[in-house]
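# Using only what follows, build the 3D model:
(2 chains)
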Amino acid sequence: MPSVTIRGKALIAGVYEHPGRELPDRTLPQIHAEVAAGALADAGLSLADVDAYYSAGDAPGFGALSMVEYLGLDCSYIDDTETGGSAYLVHVQHAAAAIAAGQVNVALITLAGKPRTGGAGPGGSARFSSAPEASFENQFGMSVPGGYALAAARHMHEFGTTSEQLAEVKVAASTHAQHNPHAFLQDVVTVEEVVSSPMISDPLHRLDCCVITDGGGALVLVSEAVAASLDRHCVPVLGTGTAIKHTSGGRTDLTHTGATRSGPLAFAEAGVTPADIDYVSIYDSFTITVVMTLEDLGFCAKGDGGRFVSDGALQSPGGVLPFNTDGGGLCNNHPANRGGMTKVVEAVRQLRGEAHAAVQVPDCELALAHGTGGSLATRMGSATLVMGRSL
Amino acid sequence: MSEPGQFGLPVPPPNPNLETQRFWDATAEGRLELPRCDSCGHVVWYPRERCDQCGSTSVTWFEASGRGTVYSCTVTRRIPGSWRKAAPFVLAYVELEEGPRVLTNIVGCDPETVHIGQAVQAVFDPTPDGPALLRFTPA
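Below you'll find the predicted structure:
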């Protein structure tokens, strides 16, 4: 353990999820600005209070440099860390560290994208085509579902995981999404409907895949001093962990994720164990992502994820581990093809007691959010956050 | 995208660079060459002039067997863009006899018959630019 901890030194004061799922009449910077305004209003702060800004690959142009200008911010601290869809959880870690160090008082993190109505987002195909691995991965018809399918197929081979077990993840998400008026998909589905939906890339069916939506979200983190001045329930960040898992010089192991290392870091910093967690937001790009992440975070033994998620374990209320009560990326929202932001937002709603009444976890004291950016098939940025209702 | 190759799949040309030219030149001649670390013996994939295990920048290229087994595979049935017409096709990781697991396609067979653990052999699928793509067929 580090001698200096950030445990409890930074608090999430504002969260916002854009209600739109198709935004053809907005520019990308406009969506960033709308979610920034939303999260700041939630906290009771304004743009003038922000002294640190965080963005990832979804921000256009120079990233933070361009967005600070567009938004009219006056920042002494910026961070463009890019790990794909998990970047916003990494930003929380970095913002919390900067706040703990006394360098930042109010940190703003934004996400926006238009993959549904606006075509490919920024992030740069040229940047990816010049990557050293590009010609050894991009020549073979790799797709996002195809990559995750490779991980799912190996998981099934090694551990006996079934399509029906993966489908349970989608069923739980859909059960929650029926209560979310903004969810892109609001119909409850059955295991049978998932496994009979069209096969995209074996063994992943269409309903094993997340939605594609426009939209965005934002977070505001503040110091203890600022939090004390706000008339809003601020959620302390108790533990953080980041890990990069990659192909290891060609010894790719598809059976685990970076959560095997990011999880223990976050739990240790928070001083808690998986058994203490009341609610989890787990990045659900695909159903297999959830199953493998739950194993790697220690909520069940390696290989038991399929059995663990069966019989309604993830459903709220009543399940042993309520997850993604907004409907997650599988049903609610996956703005900019990046699901990390909404994971943090719903965890904060749960800790504040502001989730939909039908899915609110009673007495929710401790929540975990986990992001998986990149691909299970190659390289990923894994990030875990533990947050509390109070210190 | 140009015309499909001999196995009916797209053959997009790679972008060789100073570190990978040797690999691609060999594929044009139907050989699989890999870099082996001179310090620790690790066979590095993707090809590069450094060892990710020990940090050495001294590697020696050698001709690999082209034999491997399927580590994981998926039949991609729906995919947008230039690969749409190639579906269904098999995307796979093949574990080479020399250690590395490489992303590839399994070709020259019914996609539905490809399975984890299957023995496969390298084939070289020429691209219009000369270098060939490393694909595999059942052994």
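# partners of A:Leu385 in the sheet?
Here A:Leu385 shows beta-bridge partners A:Thr240, A:Ala369, assigned using DSSP bridges.
# residue contacts, it?
Counting by C-beta atoms under 8 Å, 6 or more residues apart in numbering or on different chains, A:Leu385 touches A:89, A:92-93, A:237, A:239-240, A:266, A:344, A:347, A:368-370. Bear in mind the C-beta positions are built from the backbone N, C-alpha and C, glycine included.
# With pLDDT and neighbour count as extra columns, can I get those in CSV?
Formatted as CSV, these follow (pLDDT from 0 to 100; neighbours: other C-beta atoms under 10 Å in any protein chain shown):
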residue, pLDDT, neighbour count
A:Leu89, 98, 33
A:Val92, 98, 27
A:Gln93, 98, 24
A:Val237, 98, 28
A:Gly239, 98, 27
A:Thr240, 98, 26
A:Ala266, 98, 27
A:Val344, 98, 28
A:Ala347, 98, 29
A:Leu368, 98, 29
A:Ala369, 98, 29
A:His370, 98, 31
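# Of these, which is the nearest to chain B?
Nearest to chain B, judged by C-beta to the nearest C-beta, of these is A:His370 at 23.2 Å.
# which bits of the stretch 51-200 of chain A sit near chain B?
For the stretch 51-200 of chain A, the contact set with chain B under C-beta under 8 Å from any C-beta of the partner chain comprises A:129-130, A:132-143, A:145-146, A:149-154, A:157, A:198-200.
# Could you check how far the residue lying farthest from the centre of chain B is from chain A?
Note on chain B: the largest C-alpha distance from the chain mean falls to B:Ser39, namely 24.9 Å (C-alpha atoms, centre = their mean). Using C-beta to the nearest C-beta, to the nearest Å, B:Ser39 is found at 13 Å from chain A.
# Identify the residue nearest that residue in space, chain neighbours excluded?
B:Ser56 (3.8 Å; C-beta to C-beta, 6 or more residues apart in numbering or on different chains).
# Next: B:Thr27.
Using C-beta to C-beta, 6+ apart, the nearest residue to B:Thr27 is B:Ala132, at 4.1 Å.
# ok, that neighbour touching B:Phe124?
Yes. The criterion here is C-beta atoms under 8 Å, and B:Ala132 meets it with B:Phe124 at 3.7 Å.
# Comparing these two, which shows the higher neighbour count?
B:Ala132 (23 against 19; other C-beta atoms under 10 Å in any protein chain shown).
# Spit out the contact partners of the more buried one.
So B:Ala132 contacts B:27-28, B:30, B:124-126 (C-beta under 8 Å, 6+ apart).
# partners of it in the sheet?
With DSSP bridges as the rule, B:Ala132 is bridged to B:Pro126.
# Would you list the phi and psi of the closest residue to A:Lys302 other than its chain neighbours?
Leaving out its chain neighbours, the residue that sits closest to A:Lys302 by C-beta to C-beta, 6+ apart is A:Glu295, at 5.1 Å. The phi/psi pair for A:Glu295 (degrees, to the nearest 10) reads phi -60, psi -50.
# Does stretch B:89-97 reach chain A?
Yes. Residues of stretch B:89-97 contacting chain A under C-beta under 8 Å from any C-beta: B:89, B:91-93.
# pLDDT below threshold where in chain B?
B:1-2 (pLDDT under 70).
# ok, which stretches of it are helices?
Here chain B has its helices, by DSSP state H, at B:21-28.
# The stretch 201-350 of chain A too?
A:224-229, A:259-270, A:287-297, A:305-308, A:340-352 (DSSP state H, counting those that start in this stretch).
# what's the neighbour count on B:Asp25?
Going by other C-beta under 10 Å, the residues that sit close to B:Asp25 add up to 14.
# rewinding a little: shared neighbours, B:Ala132 and B:Phe124?
With C-beta under 8 Å, 6+ apart, B:Ala132 and B:Phe124 have common neighbours B:27, B:30.
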